[in-house]
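Undergrad: Below are the sequence and a predicted model for it; my questions follow.
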Amino acid sequence: MTMMRAVEVGALAPDLAGLSIVEKPIPVPGPGEVLVRIEAAALGFPDLLMTEGLYQAKPPVPFVPGMEASGTVAAVGEGAGFAVGDEVIVGGLTGAVQQYAVYPAAAVSPKPARLSFGQAAGLRAAYLTAYVSLVRCGRAEPGDWLLVHGAAGGVGLAAVDMARALGLRVIAVASSEDKLARVRDLFAPDHAILGPTGFREQVLEITGGKGVQIVYDPVGGDVFDESTRCIAFGGRLLVVGFASGRIPEVRANIPLIKGFSVVGVRAGEFGRKFPELGRENVAAIMKMAEEGTITPTVHREVPLDDFRDAYGAMRDRSVVGRTIILPHA
């Protein structure tokens, strides 16, 4: 077989109008590269934003979407350090939603044996974001109160899972009772409250009026605004994303008077700026996955032909965890 199928963004357009399935030649790995047979590709909200050119990173069109996947090594270039048949996790800005993809060896990690391909596909980006947010940027300590917004989404659910492993006290916020019930069933946060707004008084009551040490915010907009009113003195408000669609602003006197910090989180860029710490971050989440202290949640697995349903579920905010595309199904 010399050809493969892939989802391609041929134009930036709303409502997935620019996406289609195309046939492409299977690529050949060069020195230091690995060809991976993609068994499972995980979709995240950035993948949806990129189809309309709304994400901060804007790959040139046309491109194959998908930031992370898992699969089996099909071929290796000289010096790549992997063998044909190895089960691996791969990551990059694009390229996952296709049957085969080439990655530099540095973007390839062994798949934790206890995880399925679907679970493994959803591990790297979401949990790396959670780890960098909580450990590197949030300086979390056991016993800290953590407020997680969008707790039923991919990065939010990963943060709840990671926080429990780190010994934090978690207040999870989700937009519906069904989603809250699912979060409770999966990871048993200390408290689960209905949002996305109207949470301030509940948070203050739960924390005895002190507020939370850390806010994990992939939502932005009104959620960010209200979070500034229930964060503790000396707290860290972590800016993870803007799923609400509105990029919020804060007047400088508010963090000054309330004594908190607003910290931007870019997990991938953190690793590029600080390569040694970046390797430590990846090693830490892989170790936690191997030991079973964290487990990615798969919402649904769909074949490549149903990619529109998978993207549409993200757009409709009906996903709890990660939606997985199976390119060979």
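TA: In hand now; what should we look at?
Undergrad: do you know how far R279 is from F270?
TA: From R279 across to F270, the span is 12 Å (CB to CB, to the nearest Å). Heads up, the C-betas are built off the backbone N, CA and C, glycines and all.
Undergrad: In terms of neighbours, single out the busier of these two.
TA: More neighbours surround F270 than the other of R279 and F270, with 19 against 12 (other CB atoms under 10 Å).
Undergrad: list the contacts for that one?
TA: Neighbour list for F270: 132, 136, 277-278, 281 [criterion: CB atoms under 8 Å, 6 or more residues apart in numbering].
Undergrad: Show me those that map onto helices.
TA: Counting by DSSP state H, the contacts of F270 place 277-278, 281 in helices.
Undergrad: Tell me the one of these nearest D178?
TA: Relative to D178, the closest of those is N281; by CB to CB it sits at 32.7 Å.
Undergrad: show me what contacts the closest one?
TA: Contacts here follow CB under 8 Å, 6+ apart; on that basis N281 touches 128, 131-132, 135-136, 267, 270-271.
Undergrad: swap in L194?
TA: Counting by CB under 8 Å, 6+ apart, L194 makes contact with 173-177, 180.
Undergrad: Now do it against A75, distance only.
TA: According to CB to CB, L194 and A75 sit 50 Å apart.
Undergrad: what do you get for G122?
TA: 25 Å.
Undergrad: Repeat that for A11.
TA: 32 Å.
Undergrad: Between these two, which has more neighbouring residues?
TA: Ranked by neighbour count (other CB under 10 Å), A11 and A75 place A75 first, with 18 against 14.
Undergrad: and the more buried one, bridged to which residues?
TA: Beta-bridge partners for A75, by DSSP bridges, are L35.
Undergrad: tell me the pLDDT at it?
TA: We have a pLDDT of 97 for A75.
Undergrad: for D222, same thing?
TA: Turning to D222, the model gives it a pLDDT of 97.
Undergrad: Equivalent analysis for the one 5 residues further on, please.
TA: The pLDDT attached to S227 in the predicted structure is 98.
Undergrad: need the contact list for it.
TA: 147, 149, 215, 217, 237.
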